[in-house]
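Asker: My questions concern the predicted model and sequence given below.
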Amino acid sequence: MVKAPDPVKRYLAGLPVDFAAGVAITAVALPSQMATAQLAGFPPAMGLIAFGAAMTGVTAIGANRFVVACADSTIAPIFASGLAAFAITGTPGYFALTSAFALMVGGLLLGCGLFRLGWLADLISRPVTIGFLAGIACHIAIGQLPVLLGIEAPDGNLLRKTIAVTRRLHEANPYPLILGISDIAKKNIDERIRPQTPSALIGIVVAAVAVYQFDLVREGVGVLGPTAIEWPRLHFALIGVDDFVETAPLALVTTAIILLQTAATSRAFPPASGESPRMNRDFAGMGAANVVAGLFGTFPVDASPPLSGLAAQTGAQSKLAGLIAAALLLGVAAFGTRLLAYIPVAGLAGTLLFLATRILFLSEMHTTLRRAPGEFVLILVTFIAILLLPVGSGVAIGIVLSLLHGIWSMTRPQLLIFERVPGTSIWWPPRRGFKGETIEGVLVLAFQAPLSFLNAYSFQESARQTLRQTAVRPELIVLEASNIIEIDFTAAQILLGFIQECRQSNIDLAVARLESVRAAQAFERLGIMAAIGDKHFFHSVDEAIRALMKNRKKSNEFLEKPV
């Protein structure tokens, strides 16, 4: 009997690799977490605490050892702009509301994992996702431009901010602009030439050294300055019932985005080659991350595709890599505040602008426009909604559009007339360049979608119209059902009505290739099998025609051609 390896020994054996991975994650996370905390309306150092809290929660419950939970620039502007309508950003009331909001989101995510609701993430289509990420990128860019230009940040919605910044371009301070642009340029160059280089950390350190060496504070360069961190206590943030009710829709939107990003991250970096991700447990882990973040007075967190990818690339052997990174960042927050004092805010703005470019999927936009113009409209409408409306409302509109697009696609499947491939027993839908054969008196129909109340009436009308347009009334209709994977009660009643119409017109009806077990059970449960007859279900179209048209001379001659 082979003895199972000791888990402690396994962790110790992988500790050197995990430590190296943790240091690499720390190098990239340090500037991005501080920048994202500012984006969320919190002091920069709170981003480091949020990282530690998030990794504690996701390590305790999450399944995927590569998934890194942290302050994320995708969701930060969404909840920050939404909660700003209920509390003034930067005030104790705002901090309490945001912490309670993180608990709400964490509870919803835990529920999704516990009740196996991971499929909800699949309700948001890729075009809608691309559209809202592009809108978020614009919000980040416009929000950070005043910092980069060294001018006062304007108030108002995105359009007013854009106009105000444009009018004040002549007031730009060249020093923070040079620092920010240099930081962005270095990140882009390193990403192309040396992707493993912690360019974000190096850029921030170089910028801080330049500020100190050349005394750029006198030139109007803003810095973080001395940071006195008040370590949060473990507590349960309480908010009023009205705030709870009013922020609930924003919590649902934020939860949906976290589900989507967590699913994408977990699928992109599976724990082992060929291993399927345990999605519901990863959702529960992200819920725990948000609960711990809320209990420690920070803000909602999300799975990070870049940091998770870094954990995978550096070969992290266990979840210890993320915990090591959390410990190092918390160490910086506790003992390295003096080191943070000369970090220019323009450098953090450059980091955020760089991250914004990473969520602009321009190549996918171009591909969608070229290959699926209709779905490109989803990108455009979602993008405009994010720009012109409050972010939470824009995301909600995007989700509704995604669902409506899915429903619209379900309601327009085409009823096809199959033809036999010459020289074979295969029946195939007509396509360009394909000329098939037919049998007089036989009509082979196929409906390439699940039959439901969404498309049942379309099926009924298409079938009736096909019969009206047929030159010779068929004696046999074969329903090729390989793509009917499900049927509901409404569709069953429509199909039963069509069976009755065929019987009244002396048309025999058969079903071939009903391969779905669920559909077959529904056919029996809903009375369709009894209405058609057990002997009228076949494994292939060819078998159905041979069995039911055997007394017709022309059909026999056709079927007896050599195959």
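Answerer: That came through fine.
Asker: list the buried ones in stretch 149-162?
Answerer: Going by neighbour count (16 or more other Cβ atoms under 10 Å), the buried part of stretch 149-162 is 149, 150, 151, 154, 158, 161, 162. From N, CA and C alone the C-beta is placed, and that goes for glycine too.
Asker: Thought residue 138 was touching the fifth one, still the case?
Answerer: Yes. Look at residue 158 against residue 138 with Cβ atoms under 8 Å: they come within range, at 7.1 Å.
Asker: which residues are common contacts for the two?
Answerer: Residues touching both residue 158 and residue 138 (Cβ atoms under 8 Å, 6 or more residues apart in numbering): residue 387.
Asker: can you confirm residue 479 is in a helix?
Answerer: No. Residue 479 sits outside any helix when classified using DSSP: H, G, I helix; E, B strand; the rest coil, being strand.
Asker: Compute the distance between it and residue 403, please.
Answerer: Counting by Cβ to Cβ, to the nearest Å, the gap between residue 479 and residue 403 amounts to 29 Å.
Asker: Assign residue 152 to helix, strand or coil.
Answerer: Assignment for residue 152 (three-state DSSP): coil.
Asker: What is the helix or strand encompassing residue 383 packed up against?
Answerer: Secondary structure from DSSP states H and E places residue 383 in helix 373-388. Counting contacts by 3 or more Cβ pairs under 8 Å, 6 or more residues apart in numbering; DSSP states H and E, helix 373-388 packs against helix 126-149, helix 158-167, helix 362-371, helix 391-410.
Asker: which one of the ones you listed lies closest to residue 322?
Answerer: Nearest to residue 322 among the helices and strands packed on helix 373-388 is helix 126-149 (24.4 Å), distances taken as Cβ to Cβ.
Asker: what's the offset of the closest one from the middle of its chain?
Answerer: Offset of helix 126-149 from its chain centre (Cα atoms, centre = their mean, to the nearest Å): 17 Å.
Asker: What helices and strands are in contact with it?
Answerer: helix 76-83, helix 158-167, helix 174-193, helix 345-358, helix 362-371, helix 373-388, helix 391-410.
Asker: Mind giving me the packing neighbours of the first one?
Answerer: If you count contacts as 3+ Cβ pairs under 8 Å, 6+ apart, helix 76-83 packs onto helix 7-39, helix 92-114, helix 126-149, helix 241-268, helix 391-410.
Asker: what is the orientation angle of the fourth one with helix 92-114?
Answerer: What that stands for is helix 241-268. Angle, helix 241-268 to helix 92-114, by axes from the mean of the first three to the mean of the last three Cα atoms, to 10 degrees: 50 degrees.
Asker: and the gap between residue 545 and residue 445?
Answerer: 13 Å.
Asker: joint contacts of the two?
Answerer: With contacts taken as Cβ under 8 Å, 6+ apart, residue 545 and residue 445 have residue 478 as neighbours in common.
Asker: Looking at residue 479 and residue 403, which is more packed in?
Answerer: Neighbours were counted for residue 479 and for residue 403 using other Cβ atoms under 10 Å; residue 479 has more, 25 against 14.
Asker: How about residue 290, nearest residue that isn't a chain neighbour?
Answerer: residue 106 (3.2 Å; Cβ to Cβ, 6 or more residues apart in numbering).
Asker: pLDDT wise, what is that neighbour at?
Answerer: With respect to pLDDT, residue 106 scores 95.
Asker: how many other residues sit next to it?
Answerer: 27.
Asker: Residue 426 too?
Answerer: Here the count is done by other Cβ under 10 Å, and residue 426 has 15 residues near it.
Asker: Leaving out the residues flanking it, which one is nearest to it?
Answerer: Nearest residue to residue 426, sequence neighbours excluded (Cβ to Cβ, 6+ apart): residue 420, at 6.9 Å.
Asker: The one you found bridge partners, please.
Answerer: residue 427, residue 437 (DSSP bridges).
Asker: so it makes contact with residue 442?
Answerer: No. Shown here, residue 420 and residue 442 do not form a contact pair, counting by Cβ under 8 Å, at 9.6 Å.
Asker: Quick check: buried residues in stretch 497-517?
Answerer: Buried residues in stretch 497-517, counted by 16+ other Cβ under 10 Å: 498, 499, 502, 507, 508, 509, 510, 511, 512, 513, 514, 516.
Asker: Just put the helices and strands packed on helix 126-149 in a markdown table and tack on distance to residue 128 and mean pLDDT.
Answerer: Listed next are these as a markdown table, based on distance: least, Cβ to Cβ, whole Å; pLDDT from 0 to 100:
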| stretch | distance to residue 128 | mean pLDDT |
| --- | --- | --- |
| helix 76-83 | 14 | 88 |
| helix 158-167 | 19 | 82 |
| helix 174-193 | 27 | 76 |
| helix 345-358 | 19 | 76 |
| helix 362-371 | 11 | 90 |
| helix 373-388 | 5 | 88 |
| helix 391-410 | 4 | 77 |
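Asker: And this protein, what are its domain boundaries?
Answerer: 7-407, 415-559 (automatic domain parsing).
Asker: wait, doesn't residue 306 sit right on residue 28?
Answerer: Yes. With contact defined as Cβ under 8 Å, residue 306 reaches residue 28; the gap is 7.1 Å.
Asker: so how far is residue 327 from residue 402?
Answerer: Noted for residue 402: a distance of 40 Å to residue 327, by Cβ to Cβ.
Asker: ok, the two, which is more surrounded?
Answerer: Neighbour count, other Cβ under 10 Å: between residue 402 and residue 327, residue 402 has more, with 23 against 14.
Asker: Show the contacting residues for that one.
Answerer: Each residue near residue 402 by Cβ under 8 Å, 6+ apart is listed here: 123, 124, 125, 127, 128, 378.
Asker: burial measure for the fifth one, as a count.
Answerer: Burial of residue 128 is recorded as 26 neighbouring residues (other Cβ under 10 Å).
Asker: Could you pull up the residues touching it?
Answerer: 378, 379, 382, 398, 399, 401, 402, 405.
Asker: For these, could you give me CSV that also reports distance to residue 349?
Answerer: Formatted as CSV, the contacts of residue 128 follow (distance: Cβ to Cβ, whole Å):
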residue, distance to residue 349
378, 31
379, 27
382, 26
398, 27
399, 30
401, 32
402, 32
405, 36
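Asker: hang on, the earlier thing: and the helices and strands packed on helix 373-388 as JSON lines, adding distance to residue 250?
Answerer: Below are those laid out as JSON lines (distance: least, Cβ to Cβ, whole Å):
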{"stretch": "helix 126-149", "distance to residue 250": "14"}
{"stretch": "helix 158-167", "distance to residue 250": "17"}
{"stretch": "helix 362-371", "distance to residue 250": "27"}
{"stretch": "helix 391-410", "distance to residue 250": "4"}
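Asker: so which of those is the most packed in?
Answerer: helix 126-149 (a mean of 23; mean count of other Cβ atoms under 10 Å).
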